[in-house]
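Asker: how would this look folded up:
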Amino acid sequence: MANGEPRANNPQEQANVDEFLQTESGGRAATGPAAVILFLVPLCWSLFQLWIASPLPYLVDFGIFNSTEARSIHLAFAAFLSFAAFPMIKGKHVDRVPVYDWVLALAAAFSASYLYIFYDQLATRPGAPILQDMIVALGGLVLLLEATRRSLGLPLTIVAAVFITYALAGPYMPDVISHKGASLEKLASHQWLGTEGVFGVALGVSTSFVFLFVLFGALLERAGAGNYFIQVAYALLGHMRGGPAKAAVVSSGLSGVISGSSIANVVTTGTFTIPLMKRVGFPATKAGAVEVAASTNGQLTPPIMGAAAFLMVEYVGISYLEVIKHAILPALISYVALIYIVHLEACKLKMQGVERLNRPTMAQRMLNWVVLALGLCVLTLVVYYGVGWTKDVLGAAAVWVLGPLLLAVYIGLVWYATRFPELPEDDPEMAMDELPPVGPTVKTGLYFLLPVVVLVWCLTVERFSPQLSAFWATVFMVFIVLTQRPLKAFFHKHGQLGQSFSTGVGDLLHSLVTGARNMVGIGVATATAGIVVGTVTLTGIGLVMTQFVEFISGGNLLLMLVFTALISLILGMGLPTTANYIVVSTLMAPVIVTLGAQNGLIVPLIAVHLFVFYFGILADDTPPVGLAAYAAAAISGADPIRTGIQGFTYDIRTAILPFMFIFNTQLLLIGLSGWFDLLVTIFSAVTAMLVFSAATQGFWFTRSHKWETALLLLITFTLFRPGFWWDMVYPETADYPGTEIMAHVDQVPAGEPLVIKASGMSVDGEDISTYVKLPLPAGDSPSDRLMQAGLELSQNGDQMVVDFVGFGSAAEDAGIYFGWTVDAVQVELERPPKELMFIPALLLLGVVAYGQLRRRSREELAETA
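Answerer: Next comes the predicted model:
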């Protein structure tokens, strides 16, 4: 299919697909002068983003922009293209841009760039806007909402409008959510003229990181990597039961690595995979649901996570590599489980795999799987350990040695690729009666892995920022786009070097424009989501949400998590990934932190943010909104609501993960004691997820009885959270009176936290009681160690009273205030490892398996009789 454009099976389906593609990449296909402008403006935007990400401005001392100025220009481009590239009414003026849209586009661009143009003047009047500032700010907010409606639809527009209304109408709200309200002047200044609203952290992340990764993905797609990933997935998995569906899961996962949207995943990979699934026997609803579940999970998969990974760096305050480390295991086991669900569905439908030409031997199959499973892991380890040592030996000269080596490897891999036939574009309308050979298919695109090598090197060895790392990976990808065709022509001895290079230049320009067009929705979304963040800081609604969830949950911890998950689902409906994460993390993450601590559950902040992020993303396939489900239904021809419901049943496996890693943070690779602990955690988590998949599908080796399903769910829970049962026999912790704190301080190693229960009056005048972790440095005595942590105590009868809290100390960061009391000290108890609960769980699993295998044998005998 030319240029990798999706194609559905009939005109109506194609029209539906085109509608979703308009949302993802710019709606108009203008002609004449408008087409030239809609080509040059995105091109300039991409060049601007590459410029500010590069070290060149600092080398030449020209074109240096601070973060606020860069955000302002970034939003100006996005706002201009929202009006120029998207019609006011869908289906009208799709091939031209009316005059009023040019006027609105220029007005929106001016409003967004106002902070850049008048930066010095605004700095002289912070919080005191003049009439001109007010007109631009209020007009900018209105234009931003309209830009959001055009490029993303109504959901996010309505959310932002509700929050603006809430900020203005605070005194008229119900008592439980009322506040004193904000004036128009205060609202305009807070939301538009500073960095706490529209131009806040979210837009900053879009400016610094997200654009480069979206551009990187556009370059990969144009170079042919997208088709390469899909063909490799078919070659490796197509011979299995339900092979095309398994290939859909893998290819969507690979696309999710570079995509910033579940819907974009569906309309790119789904246009190939959904028709193929239908061809081998999957019903339309299930074919669409598999693609929805796979594409949704693509947003949860490192290293990009729909750009939320970079937002987490800012919001959680940990490094990018730590975010990836914590998110990787849940994402991987969720994908493994989805492949297994597809296998179970294929077994239920009695499907067979597609016969492969030159069927490989068992040894060759095992070798292929080893290469697939370990390839990227080995690649990362080779870069870090195999080449990383050169940094220590050669220092700054390592780049000058490894650069030519990388170039030589690239040229060698391109030469190697020319020894095999070019991969054809997949045609969903062709009968799927044979599969591409594994070896030649994999070998034709190995050089596409080299930009990943550059990215890993920059992040892990050079320790560059994600922005600079993405820049160098993108630069190398630009080099590949420009040179792969001429090099192939040279090695093929076609003698068409000039024409091939011209084609490469065209591919590069097309990629730069496509990357910028794909960023319009994300840029506008992060800016609009900033309105939500600004409203939270302006009105204090975050505290209100905490009180609301506490009220409806009645203080029950599990109910609190369930209600938080449901609210995150509702808030996430219809929002793109970046805006989704900003909204749910701003409103709901503090709820879990606060209420969890009050109930004795101190959760790492990254676990909280991943919890709300998972449920926000699951809104993409949850009816009635479920935009990814609508996109899949447009391709499959099935009912979108049924597709969404079926997709959510597949995604139940993902929905239980956040609950598990809240209570068992080892799933996030937190608190592991070594390699054995890591292996046990991975084994138990993967086994638990596969068992849960079998339970929810009602099928394992054969159809399950209800009592077998109940046992499988019990086994799943035990494997995921063995401490639940173990705590009943061997409690994990014990609370000792606060007056004994000095005796327990000495038992805490330097740098480790002491968990205490403290109570008192908050700054809002409410009496609260909560558990906090207080990191303890080394010291000469218990009181000295507490003093260094910023806490001075005195005993008053049977109470331990806080006499002093150091400014900016660990005690203040933990949320302890002067005048509070330390009610208890939480001490870990020695006990046998909770993993011993795995033994009865696995024995019980064996009993269920034995019963099902015997029943399947009897059923097979009955069928053959």
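
Asker: Going by C-alpha atoms from here, please, whenever you check contacts or count neighbours.
Answerer: Noted.

Asker: and this protein, what are its domains?
Answerer: Annotated domains of the chain cover 19-174+182-203, 682-728+833-865, 733-828 [automatic domain parsing].

Asker: For the stretch 601-750 of the chain, which segments count as strands?
Answerer: 733-737 (DSSP state E, counting those that start in this stretch).

Asker: low-confidence ranges in it?
Answerer: The stretch 601-750 of the chain contains residues with pLDDT under 70 at 623-627.

Asker: what about the strands in the stretch 401-550 of the chain?
Answerer: According to DSSP E, counting those that start in this stretch, the stretch 401-550 of the chain contains no strands.

Asker: Just give me the neighbour total for the residue lying closest to R642 once chain neighbours are set aside.
Answerer: Excluding its sequence neighbours, the residue lying closest to R642 (CA to CA, 6 or more residues apart in numbering) is T285, at 6.7 Å. For T285, the neighbour count with other CA atoms under 10 Å is 25.

Asker: which ones are touching T285?
Answerer: Neighbour list for T285: A633, S636, A638, D639, R642, T643, Q646 [criterion: CA atoms under 8 Å, 6 or more residues apart in numbering].

Asker: Name the helix or strand for it, please.
Answerer: helix 284-298 (DSSP states H and E).

Asker: ok, then the element right after that helix?
Answerer: Using DSSP H and E, the next helix or strand after helix 284-298 towards the C-terminus is helix 308-316.

Asker: Going C-terminal from that following helix, what's the next secondary structure element?
Answerer: helix 320-348.

Asker: Just the buried positions in that following helix, please.
Answerer: Using 16 or more other CA atoms under 10 Å as the test for burial, helix 320-348 gives 320-321, 323-324, 326-348.

Asker: Give me the packing partners of it, helices and strands only.
Answerer: helix 243-258, helix 284-298, helix 308-316, helix 605-618, helix 640-663, helix 675-697 (3 or more CA pairs under 8 Å, 6 or more residues apart in numbering; DSSP states H and E).

Asker: hey, which of those helices is tucked in deepest?
Answerer: Counting by mean count of other CA atoms under 10 Å, helix 284-298 has the highest mean neighbour count of those, with a mean of 30.

Asker: any chance you could map the helices in the stretch 701-850 of the chain?
Answerer: In the stretch 701-850 of the chain, the helices defined using DSSP state H, counting those that start in this stretch lie at 706-720, 723-729, 741-745, 782-788, 810-813, 838-864.

Asker: do the stretch 351-500 of the chain as well
Answerer: Using DSSP H, counting those that start in this stretch, helices in the stretch 351-500 of the chain cover 362-381, 389-394, 398-417, 438-443, 450-456, 466-492, 497-539.

Asker: Just give the nearest non-adjacent residue to S113, would you?
Answerer: Spatially, and ignoring its direct neighbours in sequence, S113 is nearest to S72 (4.9 Å; CA to CA, 6+ apart).

Asker: Distance of that neighbour relative to Y116?
Answerer: As judged by CA to CA, to the nearest Å, S72 and Y116 stand 6 Å apart.

Asker: Looking at the two now, which is surrounded by more residues?
Answerer: The neighbour count for S72 versus Y116, taken as other CA under 10 Å, is higher for S72 (24 against 20).

Asker: what sits against the more buried one?
Answerer: A112, S113, Y114, L115, Y116, F199.

Asker: redo that, cut-off 6 Å
Answerer: Shown in contact with S72 (CA atoms under 6 Å, 6 or more residues apart in numbering): A112, S113, Y116.

Asker: Name the nearest of these relative to L276.
Answerer: A112 (45.0 Å; CA to CA).

Asker: buried stuff in the helix or strand containing S82?
Answerer: Assigned by DSSP H and E, S82 belongs to helix 67-85. The neighbour-count check on helix 67-85 (16+ other CA under 10 Å) flags 67-85 as buried.

Asker: do the same with stretch 827-840
Answerer: Going by 16+ other CA under 10 Å, stretch 827-840 has these buried residues: V827, K834, E835, M837, F838.
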